[in-house]
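> What follows is a protein structure lacking sequence information:
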């Protein structure tokens, strides 16, 4: 006889399935009118899906994730086709639909030209759904995020999405905005370090190689990645798919400053056990342990001196990357 908890999960899963199908239809209809709005709805649906992983059975997780990837691919293809046909969206500078603000970020690069290039690819936009941070095409840099300010006033923290895309040979420190995050999406992180404080949301990482992730979240999902060291505090089972050479360890105690401890409390992550070592590999269905991931040995964990580089004002990027990355 099914328990009350399993029955409740089944009911929630069925309800979410119907919701997902309705949103797909709405997004397809919206894409014909506004591709920008459709993109926003896809991001929102992606966040909702990751939050639903808590109660969705593995089959539904895989099926809906695949459906969302197909929807995203179709939408991107439509955008590319529109651009090839000469269609141009209205400039957000000429006619802004949303308030835009540039993230106040501290970026250190190997040369001033690289600094300018990295800074131009760091954006923070505000929309009715809340602010979002996007960092794209950054290489050989050290980025420290910050909350945007509007008209000289500090923005009130509200639910925030953050996207990292095409980050190479860099350090990205998201701790200043972690308390406001609801979702973190990472795409193609290469030879880089990403650090984030705890937040009550989800993390998705795709297509990344030889990198270090320091994260605290409710859900964590890693896809199509190799050689990633994950220092994690996660209240649900981490998920990997089509990935190998993944090593997990607990969120470093050396980084649990009073501020981070406070965020563990406000996010309520600290009230629940850390399941960083209870990984589900969707591509390994055998009873034996998956060969695609492992728990980092205590003797191999970085020392406090190495973690201290993250708060070194000189921002020793190359030294930190050499000390932490799986492959140098």
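It's in. Because the structure is a prediction, the values reported are computed rather than measured.

> okay, and for the stretch 1-150 of the chain, where does confidence drop off?
Across the stretch 1-150 of the chain, the ranges flagged by pLDDT under 70 are 1-6, 80-131, 147-150.

> So which residues of it form helices?
4-31, 35-52, 58-84, 112-120 (DSSP state H, counting those that start in this stretch).

> So which of those helices is the most surrounded?
A comparison of those by mean neighbour count, using mean count of other C-beta atoms under 10 Å, puts helix 35-52 on top with a mean of 19. (C-beta placed from N, C-alpha, C; glycine too.)

> tell me which strands and helices it is in contact with?
In terms of contacts (3 or more C-beta pairs under 8 Å, 6 or more residues apart in numbering; DSSP states H and E), helix 35-52 is packed against helix 4-31, helix 58-84, strand 181-190, strand 202-206, strand 219-223.

> any chance of the helices of the stretch 1-150 of the chain in CSV, with distance to residue 259 too?
Putting the helices of the stretch 1-150 of the chain into CSV (distance: least, C-beta to C-beta, whole Å) gives the following:
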stretch, distance to residue 259
helix 4-31, 34
helix 35-52, 25
helix 58-84, 33
helix 112-120, 25
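
> Can you tell me which of the ones you listed is nearest to residue 241?
helix 58-84 (7.9 Å; C-beta to C-beta).

> angle of that closest one against helix 35-52?
With axes from the mean of the first three to the mean of the last three C-alpha atoms, to 10 degrees defining the directions, helix 58-84 sits at 170 degrees from helix 35-52.

> Helix 58-84 to helix 4-31, inter-axis angle?
Calculated by the same axes, to 10 degrees, helix 58-84 forms an angle of 10 degrees with helix 4-31.

> okay, the angle between helix 58-84 and strand 219-223?
Orientation note: helix 58-84 sits at an angle of 60 degrees relative to strand 219-223 (the same axes, to 10 degrees).

> Show me what helix 58-84 packs onto, helices and strands only.
The contact analysis (3+ C-beta pairs under 8 Å, 6+ apart) places helix 58-84 against helix 4-31, helix 35-52.

> hmm, try it at 6 Å
helix 35-52 (3 or more C-beta pairs under 6 Å, 6 or more residues apart in numbering; DSSP states H and E).
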